[in-house]
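J.: Need a 3D model of the following:
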Amino acid sequence: LTFFIGSALGGATGVLFAQQYGTIDPFIGYILGLKAFTAAVLGGIGNIRGAMFGGLAIGLLEMFASSNLGLLTGGSFGSEYKDVFAFLILILVLIFKPEGLFGKAVKEKV
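T.: Numbering: from 1, shown residues only. This is a model prediction of the structure:
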């Protein structure tokens, strides 16, 4: 049932996207999927509240970056570089706190 509902929603999304933009590409949701993964890693894999917080944090940071990046850099970087911030967050979280902000560290039994 879960796979049926997921497939049906994906198909409906493709139809609606094609009606709006007039084209379909296999990589339509690639960047959105990477950002969703980044949000889940930021909040903590397996923690729904953490993933929601991660999504909000990434969204706010990207909106701030897209509106103010040109002003802060004197016009060197424009709003097209807003996607870089999501992946910088992913790299920093994986380096310093790999379990995420709300995740719990799991210790292996020896």
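
J.: Quick check: residue 93 touching residue 42?
T.: Yes. Using C-beta atoms under 8 Å, residue 93 is in contact with residue 42, at 5.3 Å. Where you see a C-beta, it was placed from the backbone N, CA and C, and this is true even at glycine.

J.: which of the two has more neighbours?
T.: Comparing residue 93 with residue 42 by other C-beta atoms under 10 Å, the one with more neighbours is residue 42, at 27 against 20.

J.: Roughly how far does that one sit from residue 53?
T.: Distance of residue 42 to residue 53, given as C-beta to C-beta, to the nearest Å: 8 Å.

J.: okay, and the common contacts of the two?
T.: residue 101 (C-beta atoms under 8 Å, 6 or more residues apart in numbering).

J.: which SS class is the residue most central in space within the chain?
T.: Geometric centre of the chain, nearest residue: residue 35, 1.7 Å, by C-alpha atoms, centre = their mean. Following DSSP: H, G, I helix; E, B strand; the rest coil, the label given to residue 35 is helix.

J.: Find the nearest non-adjacent residue to it, please.
T.: residue 86 (5.2 Å; C-beta to C-beta, 6 or more residues apart in numbering).

J.: didn't the one you found look like it was pressed against residue 36?
T.: No. If you go by C-beta under 8 Å, residue 86 and residue 36 don't touch, sitting 10.1 Å apart.

J.: Same drill for these two, tell me which one is more crowded.
T.: Remark: of residue 86 and residue 36, residue 86 carries more neighbours, 21 against 15, as counted by other C-beta under 10 Å.

J.: need the helices for this protein, in chain order.
T.: Assigned by DSSP state H, the chain shows helices spanning 2-21, 30-43, 48-72, 82-96.
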